[in-house]
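Engineer: take a look and give me a structure for this.
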Amino acid sequence: MNPTVPATAPAAQPHILIVEDDEVIREATRMALERYGFPVSTAADGLEGLEAFRAARPDLMLLDVMLPLLDGVGLCRRIREESQLPILMMSARTDPIDVVSGLEAGADDYVVKPFESAVLVARIRTVLRRVRTVPAAEAPAPAPAPAPVPVDRAEPAPTAPPLPEHVPTAPAPTAPAPRSVRSFDGMEVDTESMEVRVHGRLVPLTPTELRLLLEFTAAPGIVLERSTLLERVWDYEWGADTRVVDVHVQRLRAKIGSGRIETVRGFGYKLRRPA
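Structural biologist: Numbers count the residues shown, from 1 in each chain. Sure, this is the predicted structure:
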């Protein structure tokens, strides 16, 4: 079966790819999203989903965990090798291992079936908003204008003595790091280009991982509770599943270095200050 791709899609609306083997759920979800104005592509198994992703280049993938040929966790890993596309996992089970496996594979979030279409759309919009909105970099403060120097017009200004033939020049001052760059012991986070480098090496992060790191680098040494991170990064109120925070912190540690983010048991996490 070839993946279905709409012939035309409104440019203003994000394109959603649904990968779901249950035809009833797949079509019901497609029709629900189309009612909300989303252009939708569908695929019925993991390999078909990979083909549809490469052909359609959607803005978000809605991915079932249990799929034939290539399961959702395996497909998620394959997608992450090629793209930082937002991925929302769907699961009919509430087994913690099932949820964590999808998040560890690179998913940004998950929903448990069955779900109301309004709830699904709200979760999709939240994930897309996280991708498209990043904190604005602080603009450098303008330099103050120099104060006018009074000149006594009654007397001529003194003439400077002639300079010697060889004038020793002071070394040029080292330019300070741009205010858009946050530096932490070999790690640099550029809040304008949204790039992260560790010891000069570019580290690819998903949009969710980047937003999480920005929260830590904005408050180094400060403990951030899981509930605070859920609200700031995922736009969730208290009461949501905090495992999504734990798994994303683990993924972030694996990419930037395990010792940079400390666990404060019973409270949350903090970015270690440089020694």
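
Engineer: which sections of the stretch 101-250 of the chain are below the confidence cut-off?
Structural biologist: 133-179, 237-240 (pLDDT under 70).

Engineer: how about the strands in it?
Structural biologist: For the stretch 101-250 of the chain, strands defined by DSSP state E, counting those that start in this stretch occupy the ranges 109-112, 181-184, 187-190, 195-198, 201-202, 224-225.

Engineer: the third one pairs with which strands?
Structural biologist: In the sheet, strand 187-190 lines up against strand 181-184 (antiparallel), strand 195-198 (antiparallel) (DSSP bridges).

Engineer: ok, now which ones touch the residue positioned nearest the centre of the chain?
Structural biologist: For the chain, the residue sitting closest to the mean C-alpha position, by Cα atoms, centre = their mean, is residue 207 at 1.7 Å. Residue 207 makes contacts with 84, 86, 108, 130-131, as judged by Cβ atoms under 8 Å, 6 or more residues apart in numbering. For the C-beta atoms, the positions are set from N, CA and C on the backbone; glycine is no exception.

Engineer: go again with 10 Å.
Structural biologist: By Cβ atoms under 10 Å, 6 or more residues apart in numbering, the residues touching residue 207 are 84-86, 108, 127-128, 130-134, 194, 233.

Engineer: residue 218: which of the strands of the stretch 101-250 of the chain is closest?
Structural biologist: When the strands of the stretch 101-250 of the chain are compared by Cβ to Cβ, strand 181-184 sits nearest residue 218, at 7.9 Å.

Engineer: how about residues contacting that closest one?
Structural biologist: 137, 177, 188-193, 195-198, 213-214, 216-218, 220, 256, 260, 271-274.

Engineer: for it, output the C-alpha coordinates as PDB.
Structural biologist: Taking Å, rounded to 0.1, in the frame of the first residue of the first chain, the C-alpha atoms of strand 181-184 are listed here in PDB:
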ATOM      1  CA  VAL A 181      26.200  33.000  23.800                       C
ATOM      2  CA  ARG A 182      26.000  31.300  27.200                       C
ATOM      3  CA  SER A 183      29.200  29.500  28.000                       C
ATOM      4  CA  PHE A 184      29.600  26.700  30.600                       C
END
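
Engineer: can you pull the buried residues of that strand?
Structural biologist: 181-182, 184 (16 or more other Cβ atoms under 10 Å).

Engineer: nearest residue to residue 215 other than its sequence neighbours?
Structural biologist: residue 232 (5.6 Å; Cβ to Cβ, 6 or more residues apart in numbering).

Engineer: any idea how far residue 62 is from that neighbour?
Structural biologist: 24 Å (Cβ to Cβ, to the nearest Å).

Engineer: among the contacts of strand 181-184, name the buried ones.
Structural biologist: Buried among the contacts of strand 181-184 (16+ other Cβ under 10 Å): 188-191, 196-198, 213-214, 216-217, 256, 260, 271.

Engineer: distance to residue 26 for the residues you listed - can I get that in a markdown table?
Structural biologist: As requested, the buried ones among the contacts of strand 181-184 are exported to a markdown table (distance: Cβ to Cβ, whole Å):
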| residue | distance to residue 26 |
| --- | --- |
| 188 | 43 |
| 189 | 39 |
| 190 | 40 |
| 191 | 39 |
| 196 | 36 |
| 197 | 41 |
| 198 | 41 |
| 213 | 35 |
| 214 | 35 |
| 216 | 38 |
| 217 | 40 |
| 256 | 37 |
| 260 | 41 |
| 271 | 42 |
